[in-house]
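[1] Okay, here's the prediction I keep looking at, along with the sequence it came from:
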Amino acid sequence: MNDKRNYNAEIIDSEERKYAYGFDFDVMHPYMIQSFQPFFRPGNMLELGSFKGDFTRRLLAHFDDVSCVEASDQAMAEAQARLGDRVQFHNALFEQAQLPGRYDNIVMTHVLEHLDDPVQVLRRVNEEWLAPGGRFFLACPNANAPSRQIAVKMGLISHNSAVTPAEAEHGHRCTYALDTLERDAVAAGLKVVHRSGIFFKALANFQWDRLLQTDIISPAYLDGCYALGQQYPDLCSTIYLVCEPGR
């Protein structure tokens, strides 16, 4: 854990270092829920890394009891203003958080790659926070997404798993592929029960944002990219694991 990190600074976006795109919120978030939903357990939900509450809001459609842990007090304040007392918020680092109990469902989306010691945090999920019979949903950007591989061929990044300057500015420490994501989950003692990808993606996020403002991309086309992603998980925008408590 790096106590010198400024988590409020890491959430700041800019035109020079654009990080958050409508494609993530409007396209990927619904497909993440669609992918996770068949594996949801009855009971409560813990979100690790709520940011400003965009994904949290979607979880509230499926769970009455939702808690969130968020390191940035500024991001948490925005989420609280939007969601009110429907969510129990904890402003803490994952490494230091003291939570009141265990959870039937835990979700961590596009957060693990930000952590200084990801296995340590995953071990806390497995040993302290995940209820017996519970499920942990772990999603990360995919190093092998075609959009990244194209960027490598263009000379924009050095290799598939490289951390770009924009990603580094927003706190990325690594870029996962399916094998390295499962490696860290298993190292933490979690039992992986399902692995897949979400949304076949050959274009960068900024390109998707522009296309989504036109009539070129239809809902049927988006559904097709989602379906194709299940066939080729290693070529998806996001990769994910569904885990249960392990050793």
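    All right, it came through fine. Residues are numbered from 1 along each chain as shown.

[2] Tell me which residue is most central in the protein.
    Thr109 (1.6 Å; CA atoms, centre = their mean).

[3] from memory it sits against Phe55, does it?
    Yes. With contact defined as CB atoms under 8 Å, Thr109 counts as touching Phe55 (6.0 Å). In short, each C-beta sits where N, CA and C put it, glycine included.

[4] joint contacts of the two?
    Met32 (CB atoms under 8 Å, 6 or more residues apart in numbering).

[5] quick check, Gln37 in a strand?
    No. Under DSSP: H, G, I helix; E, B strand; the rest coil, Gln37 sits outside any strand and is assigned helix.

[6] For it, which non-adjacent residue is spatially closest?
    What sits nearest to Gln37 in space, not counting adjacent residues and going by CB to CB, 6 or more residues apart in numbering, is His62, at 6.9 Å.

[7] any idea which strand is longest in the chain?
    strand 130-141 (DSSP state E).

[8] Just after that strand, pick out the following helix or strand.
    helix 146-153 (DSSP states H and E).

[9] That following helix: which residues count as buried?
    Residues of helix 146-153 classed as buried under the neighbour-count rule (16 or more other CB atoms under 10 Å) are Pro146, Ser147, Arg148, Gln149, Ala151.

[10] Same check on stretch 209-229?
    Here stretch 209-229 shows Asp209, Leu222, Cys225, Tyr226, Gly229 as buried, counting by 16+ other CB under 10 Å.

[11] Stretch 169-177 now?
    Residues of stretch 169-177 classed as buried: Glu169, His170, Gly171, His172, Cys174, Thr175, Tyr176, Ala177 (neighbour count, 16+ other CB under 10 Å).

[12] Give me the lowest-pLDDT entry from those.
    Among those, His170 carries the weakest pLDDT, at 82.

[13] State the distance from that one to His114.
    8 Å (CB to CB, to the nearest Å).

[14] tell me which of the buried residues of stretch 209-229 is nearest to Asn142?
    Gly229 (9.7 Å; CB to CB).

[15] just for this structure, where's the confidence low?
    Low-confidence segments of the chain (pLDDT under 70): 1-20.

[16] now the residue nearest to Gln37, what's its secondary structure?
    coil.

[17] what's the spacing between it and Asn44?
    11 Å.

[18] which of those two has more neighbours?
    Asn44 (19 against 13; other CB atoms under 10 Å).

[19] which residues does that one contact?
    By CB under 8 Å, 6+ apart, the neighbours of Asn44 are Phe63, Asp65, Val66, Ser67, Tyr103, Asp104, Asn105.

[20] before we move on, what about Leu112?
    Contacts of Leu112 (CB under 8 Å, 6+ apart): Pro118, Val121, Leu122, Leu138, Cys140, Tyr176, Leu181, Asp184.

[21] for the residue nearest to the centre of the chain, phi and psi?
    For Thr109, the backbone dihedrals are phi -120, psi 120 (criterion: degrees, to the nearest 10).

[22] so what's it bridging to?
    Counting by DSSP bridges, Thr109 is bridged to Ala139.
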